[in-house]
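In: model this:
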Amino acid sequence: MKKRALAMSMAVMMAAGVLSGCASPTGTETSNAGSSAVETQTTAAQTAESSGNPEGTTITFWHSMGGVNGEAIDTLVKKFNKENTLSITVEAQYQGSYDDAINKLKSAQIGNMGADLVQIYDIGTRFMIDSGWVIPMQELIDGDQWDLSQVELNIAAYYTVNGTLYSMPFNSSTPILYYNKDIFEKAGITEIPDSLPGIGKIGDDLINKGGAGEVISLGIYGWFFEQFTCKQQAHYADNGNGREAAAAAVDFDKNGAGVKTLTAWKELSDKGYAPNVGRGGDAGLADFSAGKAAMTLGSTASLKQILNDVNGKFEVGTAYFPKVNDDDKGGVSIGGGSLWALNNEDPAKQQAVWEFVKFLVSPESQAYWNSQTGYFPVTVAAHNEAVFKDNITKYPQFKTAIDQLHDSTPQSAGALLSVFPEARQIVETEIENMINNNGTPESAVSKMAESINKSIEEYNLINN
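Out: Purely as a prediction, here's the structure:
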């Protein structure tokens, strides 16, 4: 109970000071007025709740998928509600952005849960583990003797701590390099660069021979900084990247990874090859899709949007996310989100949640999800589904992401950090300041570490 109380206090502080847009959840109430039919249903539901039998149970699912992704979620929910044999009903509720969703969850904990299953972004993992609000997905898996090897190893690794899978991967992605094949062909370049120095070596040819307005449209994004750290096989944070114990401080300032990343980044910027195109994962996509930039970095989940925006103006190529140094041996870490079962002390809802989660990660559902969104199928057997095969045939560029995932290892799973949302903002601010004000990589990394470590210290003070 102490841990839960402390987590609640922490939630109040973080919701007020770290993230923006805190709002109370809207609950769903069912009228029990009157009829004997309703009374019968209520009695059945109460019996199911006390016994752990999920039959006839209604659960609430919070997610952050809008647009076409939200439409795909709705399709899957409708399919489950129609086809499951236990008459389980899932009520899917869109909560806005990832930040909005986790803030609403923090507010909900002060009163009531508000949801039974929530989709949380990757960088919320440490917070969710520390909160004490969840049922580790491993418990549901073990209780059903479900075969976890069905899930891609390198995806499950991110959400696994000390042998326990805390949440079920659902919408997973990695960053890749997108390049304009037409510009490369005009420049006479046949070998795609696999490192930041390699990009610099072909910069002049891409501009002078290929006609590129920019060599690489590189958005200032904290996730990219984290990936560059993984590529160096270095830790972002101490205590085993926050996996052996909660991180007490960042490590990228001490192991040299941060300075190496920003030195290579600044060199591209100073040469005019990587101008400041803004902050965030999508900041670099517009110049690339318009045919201005020869390359960009972006999520695998952006592939379809890029192809739609390019609309045949040029041929889009894909390659692995670049290394910082030519001799780096590391891989990439996943991004995206996962599914967390909230502990509402209701055995029937708990089992209903598990039935729905199994449906969402089934080969058929994951193949459909991949085809509609561009996220990885997290389930290995989804690769055997006709829908997946057809999608790869239609979008062969996506195979790059599959190969890159398999060529990475669980050791490149990335860090777990209690204050990751804030840390990303700090990283982006200091990179932008370095580029705009001609600062040094050493100074930028020092400021990053100082600010992030202060936030970690405050977080750990509340939770220890």
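In: how about the contacts made by the most centrally placed residue in the chain?
Out: Nearest residue to the geometric centre of the chain (C-alpha atoms, centre = their mean): Gly336, 1.9 Å. Residues near Gly336 by C-beta atoms under 8 Å, 6 or more residues apart in numbering: 121-122, 169-173, 301, 375-376. For the C-beta atoms, the positions are set from N, CA and C on the backbone; glycine is no exception.
In: let's see it at 7 Å
Out: The neighbours of Gly336, taking C-beta atoms under 7 Å, 6 or more residues apart in numbering as the test, are 122, 171-173, 375.
In: who wins on neighbours among those?
Out: When neighbours are taken as other C-beta atoms under 10 Å, the top entry among these is Asn171 (28 neighbours).
In: separation between that one and Ser217?
Out: Per C-beta to C-beta, to the nearest Å, Asn171 is found 24 Å from Ser217.
In: go on, Phe314?
Out: Distance from Phe314 to Ser217, by C-beta to C-beta: 14 Å.
In: name the residues linked to the residue nearest to the centre of the chain by a beta bridge.
Out: Counting by DSSP bridges, Gly336 forms beta bridges with Ser172.
In: residues contacting stretch 125-141, please?
Out: Here stretch 125-141 makes contact (C-beta under 7 Å, 6+ apart) with 3-4, 7, 109, 120, 148, 159, 161, 164-168, 242, 246, 340-343, 350, 354, 416-418, 420, 463.
In: list buried members of these by neighbour count.
Out: The neighbour-count criterion (16 or more other C-beta atoms under 10 Å) marks 7, 109, 120, 159, 161, 165-168, 242, 246, 340-343, 350, 354, 416-418, 420, 463 among the contacts of stretch 125-141 as buried.
In: Glu457: neighbouring residues, count only.
Out: Other residues lying near Glu457 total 12 when counted by other C-beta under 10 Å.
In: you'd agree it is in a strand?
Out: No - Glu457: not assigned to a strand; according to DSSP: H, G, I helix; E, B strand; the rest coil it is helix.
In: hey, where'd the strands end up in this protein?
Out: 58-63, 89-94, 117-121, 134-135, 160-161, 164-165, 168-173, 175-180, 214-217, 293-299, 316-320, 335-342 (DSSP state E).
In: where's the residue nearest to the centre of the chain relative to Leu196, distance?
Out: Gly336 is 24 Å from Leu196, by C-beta to C-beta.
In: equivalent analysis for Thr190, please.
Out: Distance, Thr190 to Leu196, by C-beta to C-beta: 20 Å.
In: tell me which of these two has more neighbours.
Out: More neighbours surround Leu196 than the other of Thr190 and Leu196, with 26 against 7 (other C-beta under 10 Å).
In: tell me the spacing between the nearest residue to the more buried one once chain neighbours are set aside and Asp270.
Out: With C-beta to C-beta, 6 or more residues apart in numbering as the criterion, Leu196 has its nearest non-adjacent residue at 4.0 Å, and that residue is Ala264. According to C-beta to C-beta, Ala264 and Asp270 sit 11 Å apart.
In: so for those two, which residue has more residues nearby?
Out: Ala264 (22 against 12).
In: so the more buried one sits right up against Pro322, yeah?
Out: No - using C-beta atoms under 7 Å as the test, Ala264 is too far from Pro322 to be in contact (9.2 Å).
In: overlap in contacts of those two?
Out: Leu196.
In: count the neighbours of the closest residue to Ala341 other than its chain neighbours for me.
Out: Among residues not flanking Ala341 along the chain, Ile135 sits closest, at 4.4 Å (C-beta to C-beta, 6+ apart). Per other C-beta under 10 Å, the neighbour tally for Ile135 reads 18.
In: now Lys292
Out: Burial of Lys292 is recorded as 17 neighbouring residues (other C-beta under 10 Å).
In: tell me the contacts of it?
Out: Lys292 neighbours (C-beta under 7 Å, 6+ apart): 213-214.
In: tell me the mean pLDDT for stretch 302-313?
Out: Computed over stretch 302-313, the mean pLDDT rounds to 93.
In: and for it, what's in contact with it?
Out: With C-beta under 7 Å, 6+ apart, stretch 302-313 has contacts from 178, 285, 289, 291, 298, 316, 374, 395, 397-398.
In: do the same with stretch 74-92
Out: Stretch 74-92 is contacted by residues 28, 54-61, 63, 73, 352, 355-356, 359-360, 365 when judged by C-beta under 7 Å, 6+ apart.
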